[in-house]
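Visitor: My questions concern the predicted model and sequence given below.
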Amino acid sequence: MTATDALVGACTFLWLGMVLAISFLEAPLKFRAPGVTLPIGLGIGRLVFRALNAVELLWAVAIVVAVVAGDPPAAAVPVAAGVAVGALAVQLVGVRPRLTRRSDAVLAGRTGPRSHAHLVYVALEVIKVVALIWLGVAALT
């Protein structure tokens, strides 16, 4: 294992831990806390996910730079990295703007049909988690 492999593995598993902790633990639990209303939960979620996505971008850049600049990686490494980074890109460019518009509407007191954007975001989180596990294992073996 090279230093690049170790760096990619470390960045990958840190990114994975953050996604698991925020998306699959904090996000659903905040709405069950006593006194947390929908507007408060949405406000917290927007702040937390904005911060998470900013840090995810840093991990993604670090991984891409390490893969491109380092020793030739195992064939699975760039593919898994591409899937993880691609899922993040779709979330940020394609889904987050729709979620923001929907939460803006809810916070303004408007009602309307439920958005399926949240389900798309969660599906992309699952894809990203699988890709990050694949990437971390490929980089470290």
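Guide: Perfect, thanks for sending it.

Visitor: where in this structure is pLDDT low?
Guide: The model of the chain has no residue with pLDDT under 70.

Visitor: top helix in it by residue count?
Guide: In the chain, with assignment by DSSP state H, the single longest helix is helix 38-69.

Visitor: Show me what counts as buried in that one.
Guide: For helix 38-69, burial by neighbour count (16 or more other CB atoms under 10 Å) applies to 41-42, 44-46, 49, 52, 56, 59-60, 62-64, 66-67. Quick note: C-beta positions are derived from backbone N, CA and C, even for glycine.

Visitor: Can you list the helices and strands that it packs against?
Guide: For helix 38-69, the elements it packs on are helix 3-21, helix 27-30, helix 76-90, helix 96-107, judged by 3 or more CB pairs under 8 Å, 6 or more residues apart in numbering; DSSP states H and E.

Visitor: buried sites along the longest one?
Guide: I take that to be helix 3-21. Neighbour-count burial for helix 3-21, with 16+ other CB under 10 Å as criterion, is recorded at 4-5, 7-13, 15-16, 19.

Visitor: now the third one
Guide: For helix 76-90, the buried set under the neighbour-count rule, 16+ other CB under 10 Å, comprises 77-78, 80-81, 83-85, 87-88, 90.

Visitor: which parts of the helix or strand hosting Val126 are buried?
Guide: If you go by DSSP states H and E, Val126 is part of helix 117-140. Using 16+ other CB under 10 Å as the test for burial, helix 117-140 gives 117, 120-121, 124-125, 127-129, 131-132, 134-136, 138-139.

Visitor: surely Cys11 meets Ala66?
Guide: Yes: using CB atoms under 8 Å, Cys11 is in contact with Ala66, at 7.2 Å.

Visitor: burial of Ala75, as a residue count?
Guide: Residues lying near Ala75 (other CB atoms under 10 Å) number 9.

Visitor: Please report the distance of it from Ala138.
Guide: Distance, Ala75 to Ala138, using CB to CB, to the nearest Å: 8 Å.

Visitor: Over to Val65?
Guide: Distance from Val65 to Ala138, by CB to CB: 17 Å.

Visitor: Ok, Ala87 next?
Guide: Applying CB to CB, the value for Ala87 to Ala138 is 16 Å.
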